[in-house]
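Asks: Make a model of this:
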Amino acid sequence: MSELLTERSGRVAAARKLTRRAGRDDAGAFLAEGRQAVTEALALAEDDPSAVREVFATEAAAAAHRDLLVATAVPVRLVTEKAAAGLSETVTPQGLVAVCALRDLPAAALAADPPALAVALAGLADPGNAGTVLRTADACGAGAVVFGAGSADPYGGKAVRSSAGSLFHLDVVRGAPLLPLVADLRERGVTVLAADGGGETALDDAGDSGLLAGPVLWVFGNEARGVPPELAAAADARVRIPMRGRAESLNLAAAAAICLYATQLVQG
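Replies: Below is the predicted model of the structure:
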């Protein structure tokens, strides 16, 4: 541990810049706040020391999470409550923040070695949905999530919190043009499925016909506009979730959960 750092210290000021996307991109780093996210980050750092650069903790947080912090080789720096608040994007700061290296994987690397299940997000706008999709993809055994150009930043505070640590379990591709990636993946035998409420294939039928057997890339679109027409046309099928109740539509994150779970059941 170190001396108590204030909001004016150079390290804290540099970390505070990571609350903005431009600052994250410039530094190649992002912030992970709270016990769950920091635990997953430090677990990753055991195998990859470059994954986490440092941890900031208030005295109260350091005492509450002593078991976690004394077990890591990552530098832990004590900060004032005010300094910790400046690193948080929540109303009630948790006083525990890790500075982590961006986890971006090049799109070409994903195309060269595609996982059995992956997700692509086309213009997804809400960072909470971004984090929830990451968490759902992780729970369903996906290997990667692609954030297409124009999508929310998965390294923003709300997305990181919503992922509940799953961000550290998956490959993340950011800012990729999706049409070329879809073409590359299809050439390598990946089945590309566009989630579309008006799709010609029902999810039940997709499972029965072998479309979900894998490898599979699910494409989900913007919360309001859905998958862009040109991207849906490039997919192997447009798949709809049968609506047997009276709901008008499904939230994007809920739809993703249903599609990914159905795929997991088929792939085992």
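
Asks: I figured residue 126 hits residue 222, correct?
Replies: No: the pair residue 126 / residue 222 is not scored as a contact, 9.5 Å apart, by Cβ atoms under 8 Å. Yep, even glycine has a C-beta here, placed from its N, CA and C like the rest.

Asks: Which stretches in the chain count as helices?
Replies: With DSSP state H, the ranges of helices along the chain come out as 10-16, 21-27, 35-47, 59-64, 66-69, 81-86, 107-112, 127-139, 157-163, 178-187, 203-208, 229-234, 252-267.

Asks: Make TSV out of the ones you listed and add mean pLDDT.
Replies: Shown next, in TSV, are those (pLDDT from 0 to 100):
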stretch	mean pLDDT
helix 10-16	97
helix 21-27	97
helix 35-47	97
helix 59-64	97
helix 66-69	97
helix 81-86	96
helix 107-112	96
helix 127-139	97
helix 157-163	96
helix 178-187	97
helix 203-208	95
helix 229-234	97
helix 252-267	96
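
Asks: Of those helices, which is nearest residue 196?
Replies: For the helices of the chain, the distance to residue 196 is smallest for helix 229-234, at 5.8 Å, taking Cβ to Cβ.

Asks: So which residue is dead centre in the protein?
Replies: residue 134 (4.0 Å; Cα atoms, centre = their mean).

Asks: Verify the stated contact: that residue with residue 171.
Replies: No: under the criterion of Cβ under 8 Å, residue 134 makes no contact with residue 171, lying 11.0 Å away.

Asks: tell me, what's touching the two both at once?
Replies: Common contacts of residue 134 and residue 171, defined by Cβ atoms under 8 Å, 6 or more residues apart in numbering, comprise residue 145.

Asks: Can you name the residues that contact the residue nearest to the centre of the chain?
Replies: Residue 134 makes contact with 145, 154, 159, 162, 163, 166, 167, 170, 172 under the criterion Cβ under 8 Å, 6+ apart.
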